[in-house]
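Novice: What follows is a predicted protein model with its sequence.
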Amino acid sequence: MLVEARELLLGMDFRSARYQDALIEARQILALKPDAKDVANFLPTLEVLAPSVRQISTRHHPSTLHCQLLDQNLILPVTVHGESAHYILDNGFSLSGMSESEAKRLRLSVHLVPTQVDSMSGAKVNIHIAVVPDLALGETHLKNVAFYVFPDDQPPFNQLAPGHRGILGLQVVIALEHFMWQPASGTFAILSGTSDRPSPDTNLAFDGSSVFTQLKFRGTALDLSLDSGAQNTVLYPSFARQFSDLQNASAVQQHKVTGVGGSASIRSLTLPSLEFLLGGREVTLKPATVLLEENNSTSGWFKGNLGMDLLNQARSVDVDFGSMTLSLR
């Protein structure tokens, strides 16, 4: 029980950018459980971040930005270390990320980390870390924001133009506290008035460095990881097992999953469409891909990975980490 409690604290400290506290928790976990491989692999990252990095919101005021939707990705205008850029908003990244060429363009110091990170494709990727002194989104400024630095040949960076090779990860997303976007108008708003207490309509939760949300299928509540950086929603083997009748409606195929680290081909089902209730609105997954093999370290926890194809069906999407609610209108 003590190890499990430490692991919960580690996840909470890391996603809140309290890296010194996270490092203490990681070392205590390893003292209690030396064979905790995930924590041991994570320790070098914390040892780089802990001495000098703490993400601080210096100004947090309501702002309205013009965002772009490119292949379902939500791209926001930012000012990074005094330079203009346009980065993808992706809470599925446990830490923000950028390419080596972007770090060089911004004149950032880069630190080697003797570890690897997991990707959606299941591949392990060698990483570096850089720290951005000031990151601005409208009137909101964050100081000392940590970024993983990846080789330029890794997706999605190898498909992005200069000045666009960056991803705003989980710590930045949480620091925004309450925001919404309207896909049709290309409007992204950082809102005020977030609640500090859960709402009766709570449908968001944290698990380590993951955010998950709840939707309904056939009247049954299901937990899916929420991933604003995923273009398409993918359902996991546990979904196929729970609704086994669906396996009779489709032949087994190979589905390509791509993430940082490359692509992997995974056995899957492709169904014409599935209907869900999400954030108070009906949404349609068309076509619906159901993986039949585990593809990463989180695919055994949830029923799927919920991407932007479902979220962007709404007129507006509201995310409030104060009330822990996701609302679609």
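Specialist: Arrived safely, thanks for sending.

Novice: what's the burial count for the nearest residue to residue 221 once chain neighbours are set aside?
Specialist: Closest residue to residue 221 apart from its sequence neighbours, by C-beta to C-beta, 6 or more residues apart in numbering: residue 214 at 5.3 Å. The C-beta positions use only the backbone N, C-alpha and C, and glycine is treated the same way. Neighbour count of residue 214, defined by other C-beta atoms under 10 Å: 19.

Novice: same check, this time on the one 3 residues further on
Specialist: By the criterion of other C-beta under 10 Å, residue 217 has 20 neighbours.

Novice: Hmm, residue 278 and it touching each other?
Specialist: No. Counting by C-beta atoms under 8 Å, residue 217 does not reach residue 278; the two are 9.8 Å apart.

Novice: For these two, list the residues in contact with both.
Specialist: Here residue 217 and residue 278 have no joint contacts, going by C-beta atoms under 8 Å, 6 or more residues apart in numbering.

Novice: before we move on, the earlier item: looking at strand pairing, list the partners for the residue nearest to residue 221.
Specialist: For residue 214, the beta-bridge partners are residue 223 (DSSP bridges).

Novice: How about residues contacting stretch 35-54?
Specialist: With C-beta under 8 Å, 6+ apart as the test, stretch 35-54 has contacts from 3, 7, 10, 14, 17-20, 22-23, 26-27, 29-30, 33, 95, 111, 113-116, 127, 129, 131, 144, 146, 297.

Novice: Show only the entries of those residues found in helices.
Specialist: 3, 7, 10, 14, 19-20, 22-23, 26-27, 29-30 (DSSP state H).

Novice: which element follows whichever strand or helix holds residue 265 toward the C-terminus?
Specialist: Residue 265 is part of strand 262-271 when elements are defined by DSSP states H and E. Where DSSP H and E defines the elements, the next helix or strand beyond strand 262-271 is strand 274-278.

Novice: Can you tell me the strand partners of that following strand and which way each runs?
Specialist: Going by DSSP bridges, the partners of strand 274-278 are strand 210-217 (antiparallel), strand 281-285 (antiparallel).

Novice: Determine the three-state secondary structure at the residue with the largest distance to the centre of the chain.
Specialist: In the chain, residue 248 marks the outermost C-alpha relative to the chain mean, sitting 32.5 Å out by C-alpha atoms, centre = their mean. Secondary structure, DSSP: H, G, I helix; E, B strand; the rest coil: residue 248 is helix.

Novice: where does it land on pLDDT?
Specialist: We note a pLDDT of 80 for residue 248 in this prediction.

Novice: same check, this time on the one 10 residues further on
Specialist: Each residue has a pLDDT score; the one for residue 258 is 61.

Novice: For the helix or strand where residue 136 lies, name the packing helices and strands.
Specialist: Remark: residue 136 resides in strand 124-137, with elements defined by DSSP H and E. Contact here means 3 or more C-beta pairs under 8 Å, 6 or more residues apart in numbering; DSSP states H and E; on that basis strand 124-137 packs against helix 37-49, strand 73-80, helix 100-105, strand 110-118, strand 140-150.

Novice: State the mean pLDDT of the shortest one.
Specialist: Averaged over helix 100-105, pLDDT sits at 96.

Novice: Please save the CA atoms from that helix in PDB.
Specialist: Coordinates of each C-alpha in helix 100-105 appear next as PDB, following Å, rounded to 0.1, in the frame of the first residue of the first chain:
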ATOM      1  CA  GLU A 100      16.100  19.400 -32.100                       C
ATOM      2  CA  SER A 101      15.900  22.100 -34.900                       C
ATOM      3  CA  GLU A 102      13.200  24.000 -32.900                       C
ATOM      4  CA  ALA A 103      15.300  24.000 -29.800                       C
ATOM      5  CA  LYS A 104      18.200  25.300 -31.900                       C
ATOM      6  CA  ARG A 105      16.000  28.000 -33.500                       C
END
